[in-house]
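Student: Take a look and give me a structure for this.
(2 chains)
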Amino acid sequence: MFTTLNLRALGVATIATLALTGAILVGSRNLQNFDAALIAYLFGAVFAWFGLVYRYDVWLQRPPTRLYWRRGWQFFFSGRMFGHGWALVRRGFEDMAAQSFIRKRGGLRWAGHMLIAWGCVIAFAVTFPLTFGWIHFTLAQGTIDTYEAHVFGFRLFSFPLNSFIAANIFHVLNWSSVMIIIGLGLMMRRRLTDAGQIAIQTFEGDILPLILLAAIAVTGLGLTWDYEFMQGRAHQFMAITHAIVVILFLLWMPFGKFFHIFQRPAQLGVAIYRREGAMGPQAVCPHTQEAFASQLHIDDLKATTRELGYNFTLEDGSSHLQLSPQGKRAALAKAHLAARKRSGSLFG
Amino acid sequence: MQNTQIRTDEEFFVDPQRCIGCRACEMACAECETNGQTSMIHVDYVDRAVSTQTSVQVCMHCEDPACARVCPADAITKDEFGIVHTANTARCISCANCVLACPFGVPKKIETTQIMMKCNMCYDRTSAGKRPMCATVCPSGALWFGKREKMAQMRPHSTPVNTFFFGAQTVRTKVNIMMPAGSTALRVD
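Tutor: Predicted coordinates for the structure are as follows:
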């Protein structure tokens, strides 16, 4: 069982988990502001954090990932920080916030993904600080109709109960649930009707994440439904089922499809890498005589493939990787024609 | 992907020398549902200035796929049938490592959608026991999918080969290339 245990990742994840635990203790003022009713969520979240850091570190140890990680930071701090920084802000907005590359894959697909992504981001932004005791609410002293919001134990602002802002603060998780349910409907429709997706999708990889999110959103709404319309009679059932599905989600987050949430920002590192590559010399294909990639990328790829055990070095000392994709296809076709010619017949 | 009916007794055979550049395969490839109606097959003039030779290239589905190994996002996977799948859309970070590392020059990077795409042997069809689209329409036999025995009958003077040398690198593939009888490998460079 422990033969595949990655000791470096284990160490990094343990340190990160201890750091989070410390941040929870400090941020909740020695658990003074910690809500004990959320203890199960807390353990789930801490485990998820451990798993995420562990997997992230294992992922970073892979040669191609490690190269992009190092190169990304190296170029960011290389003296062009403002240029790269601005590019990061722009790409961050386009790719992460607006997810415009998904819109180009399909309008409804984009709408579904945006609703799910932002619904989850809003829900995460609310629930994790609440679970960690970093945010809590109190009744303002001397009043019976004013709430105060505290962050890390510091009073941030107050708001009257029965106000527009209060309704939205108390129901923000309901709004995010509605967003997620609508988004899930759009994505599930695609999963059930797109013939290409049906051919390649898997239950655990593509369907289960949607079911899990739906279960969280529906049971979350059920809690509000219960206290608004059922006088709290189903509270225990709703609270326990919601906790179970949320904790399942947290435990599975590092291992399943949701890990892409944490992988996706690597796209920004690639953007810096490409910017830097575009400023330097370009690789020219010996076959097409045209530039097809940055020389930086080709040189890095030669090193990465060597590290992975490949050796594309040719007899003359050059590399097969110096050919563009079109050049590689032509090389194969020429070699095939030459072999046919040597055999004395062009067809066989 | 669990309930596949892939015909393990049938294989893909490519004979670039038979390609007449008609591009019927390109049109057929765009019918593949798993590509999202985007053609993935490559039909090229090899060196148009001096020759009318054309070539056709599908994904060769390497036993040890360089595209998957150089992917920093674990987006490319090979399944139990040896099919190397196109990039997982949730994971691909559009770095183009696979495009530049593939020794056959197969993967395409689609800039607008920031995704790598490649031939996955018409998984929507082959997983249902059907032949890949390109192989069903090729009029000259450059692309053929079926049983090895049948191919041996059709091309008695050729041998299917799935070993390639790219300099010092040996690459073995699921897809075969038709070579002169008795050949065991194709040295590319």
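
Student: Residues of the stretch 151-300 of chain A that sit close to chain B?
Tutor: Contacts of the stretch 151-300 of chain A with chain B, taken as C-beta under 8 Å from any C-beta of the partner chain, map to A:194-196, A:198-203, A:257, A:260, A:263-264, A:266-267, A:270, A:273, A:293, A:297-298. Bear in mind the C-beta positions are built from the backbone N, C-alpha and C, glycine included.

Student: What subset of the residues you listed is buried?
Tutor: Buried subset of those (neighbour count, 16 or more other C-beta atoms under 10 Å in any protein chain shown): A:194, A:196, A:198-201, A:257, A:260, A:263-264, A:266-267, A:270, A:273, A:293, A:297-298.

Student: domain parsing for chain A?
Tutor: Domain assignment for chain A by automatic domain parsing gives A:2-268, A:281-343.

Student: can you list these in JSON lines and add distance to B:Cys29 and mean pLDDT?
Tutor: Output for the domains of chain A, formatted as JSON lines (distance: least, C-beta to C-beta, whole Å; pLDDT from 0 to 100):
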{"stretch": "domain A:2-268", "distance to B:Cys29": "13", "mean pLDDT": "95"}
{"stretch": "domain A:281-343", "distance to B:Cys29": "15", "mean pLDDT": "96"}
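
Student: so which of the ones you listed is the most packed in?
Tutor: Across the domains of chain A, averaging neighbours per residue (mean count of other C-beta atoms under 10 Å in any protein chain shown) puts domain A:281-343 on top, at a mean of 18.

Student: Can you give the distance of that one from its chain's centre?
Tutor: 34 Å (C-alpha atoms, centre = their mean, to the nearest Å).

Student: Give me the phi and psi for the residue nearest the centre of chain A.
Tutor: For chain A, A:Ile261 is the residue whose C-alpha lies nearest the centre (C-alpha atoms, centre = their mean; 1.1 Å). Backbone geometry at A:Ile261, expressed as degrees, to the nearest 10, gives phi -60, psi -40.

Student: can you pull the contacts of it?
Tutor: By C-beta atoms under 8 Å, 6 or more residues apart in numbering or on different chains, the contact set of A:Ile261 is A:Cys120.

Student: for A:Gly183, same thing?
Tutor: Contact partners of A:Gly183, counting by C-beta under 8 Å, 6+ apart, are A:Ala111, A:Gly112, A:His113, A:Met114, A:Leu115, A:Ile116, A:Ala117, A:Gly119.

Student: Against chain B, how distant is it?
Tutor: 14 Å (C-beta to the nearest C-beta, to the nearest Å).

Student: Repeat that for A:Arg66.
Tutor: Where chain B is concerned, A:Arg66 sits at a distance of 8 Å (C-beta to the nearest C-beta).

Student: Not counting sequence-adjacent ones, nearest residue to that residue?
Tutor: Setting aside the residues directly before and after it, A:Arg66 is nearest to A:Leu60 in space (C-beta to C-beta, 6 or more residues apart in numbering or on different chains), at 5.8 Å.

Student: Is the one you found in a helix, a strand, or coil?
Tutor: Three-state assignment for A:Leu60 (DSSP: H, G, I helix; E, B strand; the rest coil): helix.

Student: wait, it sits on A:Arg70?
Tutor: No - at 9.3 Å, A:Leu60 does not count as touching A:Arg70 under the criterion of C-beta atoms under 8 Å.

Student: Now the longest strand along chain B: buried residues?
Tutor: Criterion DSSP state E: the longest strand present in chain B is strand B:169-180. For strand B:169-180, a neighbour-count test (16+ other C-beta under 10 Å) marks B:Gln169, B:Val171, B:Thr173, B:Lys174, B:Val175, B:Asn176, B:Ile177, B:Met178, B:Met179, B:Pro180 as buried.

Student: Spell out the residue ranges of the helices in chain A.
Tutor: For chain A, helices defined by DSSP state H occupy the ranges A:7-27, A:39-61, A:63-76, A:81-91, A:100-103, A:107-131, A:164-193, A:195-200, A:208-229, A:235-252, A:260-263, A:266-279, A:295-307, A:325-343.

Student: where exactly do the helices run in chain B?
Tutor: B:24-29, B:66-69, B:97-101, B:123-126, B:133-137, B:148-154.

Student: Tell me where chain B is predicted with low confidence.
Tutor: Along chain B, segments meeting pLDDT under 70 span B:1-3.

Student: okay, which residue is most central for it?
Tutor: In chain B, the C-alpha nearest the mean C-alpha coordinate belongs to B:Cys59, at 2.1 Å (C-alpha atoms, centre = their mean).

Student: mind checking how far the residue nearest to it when sequence neighbours are not counted is from B:Ala75?
Tutor: Among residues not flanking B:Cys59 along the chain, B:Cys119 sits closest, at 3.9 Å (C-beta to C-beta, 6+ apart). Computed with C-beta to C-beta, to the nearest Å, the distance linking B:Cys119 and B:Ala75 is 16 Å.

Student: and if you look at A:Phe259?
Tutor: 12 Å.

Student: quick one: contacts for residue 18?
Tutor: Reading this off chain A. The contact partners of A:Leu18, by C-beta under 8 Å, 6+ apart, come to none.

Student: wait, chain B
Tutor: A:Phe347, B:Ser140, B:Gly141, B:Ala142.

Student: Selection in PyMOL covering whichever of those are buried, please.
Tutor: Selection command for PyMOL covering only the buried members of the contacts of B:Arg18, criterion 16+ other C-beta under 10 Å:
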select buried, chain B and resi 140+141+142
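
Student: Near the residue nearest to B:Cys59, how many other residues are there?
Tutor: Close neighbours of B:Cys119, defined as other C-beta atoms under 10 Å in any protein chain shown, add up to 29.

Student: Is it correct that it is in contact with B:Ile41?
Tutor: Yes - applying C-beta under 8 Å, one finds B:Cys119 in contact with B:Ile41, separated by 6.3 Å.

Student: hey, what's in contact with both of these two?
Tutor: B:Cys29, B:Val58.

Student: now the strands for chain B?
Tutor: Counting by DSSP E, one finds strands in chain B at the ranges B:10-14, B:42-45, B:54-57, B:108-110, B:115-117, B:143-147, B:158-166, B:169-180, B:186-187.

Student: distance between the longest one and the chain's centre?
Tutor: Taking the mean C-alpha point of strand B:169-180 and that of its whole chain, the gap between them comes to 11 Å (C-alpha atoms, centre = their mean).

Student: still on that earlier bit, deepest in the core, which of the helices of chain B is it.
Tutor: Neighbour counts (mean count of other C-beta under 10 Å) averaged over each of those peak at helix B:97-101, with a mean of 27.

Student: give the contact list for A:Pro63.
Tutor: Contact analysis of A:Pro63 by C-beta under 8 Å, 6+ apart lists A:Thr304, A:Glu307, A:Leu308.

Student: B:Met178 too?
Tutor: B:Met178 neighbours (C-beta under 8 Å, 6+ apart): A:Gly348, B:Phe13, B:Val14, B:Asp15, B:Gln17, B:Met151, B:Arg155, B:Ser158, B:Thr159, B:Pro160, B:Val161.
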